[in-house]
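Next one to model:
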Amino acid sequence: MEAVDILLVVGAGFAAGFINTVAGGGSLISLPILIFLGLPPAVANASNRVAIFSQNIFGVLGFKSKGVSAFPFSLWLGLSALVGAVIGAKIAVDIPEDLFNKLLAIIMIVVVAFIIKKSVQKEGAELLERMGTKHQVVSIALFFFVGIWGGFIQAGVGFLIIMVLTSVNRFSLVKTNSAKVLVVLIYTSAALVVFVLEGTINWWYGGLLAVGNSSGAWVASRWSVEKGDRWVLLILVISVVAMAGKLWFLE
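Numbering: from 1, shown residues only. This is a model prediction of the structure:
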C-alpha cells in the first residue's frame, strides 16, 4: 500500500467522521474510497464499521469533554436501537440500488427542511426540551425502528436520529449529536461482532480509516459545542444538499 493511499484513506476517514458527527452520511465518502482501492463492497462495508465504532467512541468523549450529554436517556435510546438493529440485520429484502439512493436522498432533504423550519420557529419563541415520561417513551419506541434501519441499511440513520430528537424531545442540534454518537456506538457494536465472526473485515484498511474517522469525530464534537446550532445547521444543510445530489444522480 503506497503512502498516497494511506493519506487518502485517513483523509477520507477524517471527512467522514466529521460529517457523521455533525450531520450524517459520511460513509458516502469513505465507502467509495475503500472500494476504489480494491476492496470488495461487502469487505468495504464491514471494514467501515470498525471506523464507525471507533469514531463514535471519540465523539462521545469529545462531547463529554465539553460537558454536553443526554445520558442516561441516550443509553436507553441506544439499547432500543440495538434490538432493532439485530432484527434489521437479519431482514433479507432486495431493494434496487437506484431506488434506494433516491429514497435516501428524499429522506435527507425532508429531514433538513424540517430542521430548518424548526430553527426558524425557535428564533421567534424559545422551545423547551420535552423530557416528560410520555416523550421519552415515544422516542425510545421510535429508536427501535431507527435501529432496524441502521441494522438493515445504516446509510442515512444519522438524519433519522436528528429528526426524532429535534421534533419529539426538542433537543438542540448539539445535544442531539451528543446523543447520536452514543446511540450509534451501541448498536454498531452488535454489527461489528457479526462482521468479526464472519471474518469479513480488512483490519489494515479498517484501522487506517478508524484513525481518520476518530480524529474527525473528536474535532467535530468539540467544534460543534463551541460554535453552536447555527454552524451545525450550516454544515448539515451543505452536507445534505451535496450528498442528496450525489445519491439522486448516481448511476
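
In what element of secondary structure is the residue nearest the centre of the chain found?
By Cα atoms, centre = their mean, the chain has its centre lying nearest to Gly158, at 3.7 Å. Gly158 belongs to helix 157-167 when assigned by DSSP states H and E.

Who are the contact partners of Leu165?
139, 171, 175-176, 179-180 (Cβ atoms under 8 Å, 6 or more residues apart in numbering). In short, each C-beta sits where N, CA and C put it, glycine included.

okay, the residue nearest to the centre of the chain: pLDDT?
Each residue has a pLDDT score; the one for Gly158 is 82.

Name the residues of the host helix or strand of Gly78 that are buried.
Here Gly78, judged by DSSP H and E, is contained in helix 73-90. By neighbour count on 16 or more other Cβ atoms under 10 Å, the buried set for helix 73-90 is 73-74, 76-86, 88-89.

Leu39: which of the residues you listed is nearest?
Taking Cβ to Cβ as the measure, Leu39 lies nearest Ala89 of the buried residues of helix 73-90, at 20.2 Å.

Is there a neighbour count for Met131? I'd like the number.
Applying other Cβ atoms under 10 Å, we find 14 other residues in the vicinity of Met131.

Can you classify it by secondary structure?
Local secondary structure at Met131 is given as coil here, using DSSP: H, G, I helix; E, B strand; the rest coil.

any idea how far it is from Leu28?
33 Å (Cβ to Cβ, to the nearest Å).

you'd agree Ala85 is up against Tyr187?
Yes - counting by Cβ atoms under 8 Å, Tyr187 is a contact partner of Ala85 at 4.0 Å.

what is in contact with these two at once?
With Cβ under 8 Å, 6+ apart, Ala85 and Tyr187 have common neighbours 147, 150-151.

The residues you listed in helices, which ones?
When helices are assigned by DSSP state H, the members of the shared contacts of Ala85 and Tyr187 inside them are 147, 150-151.
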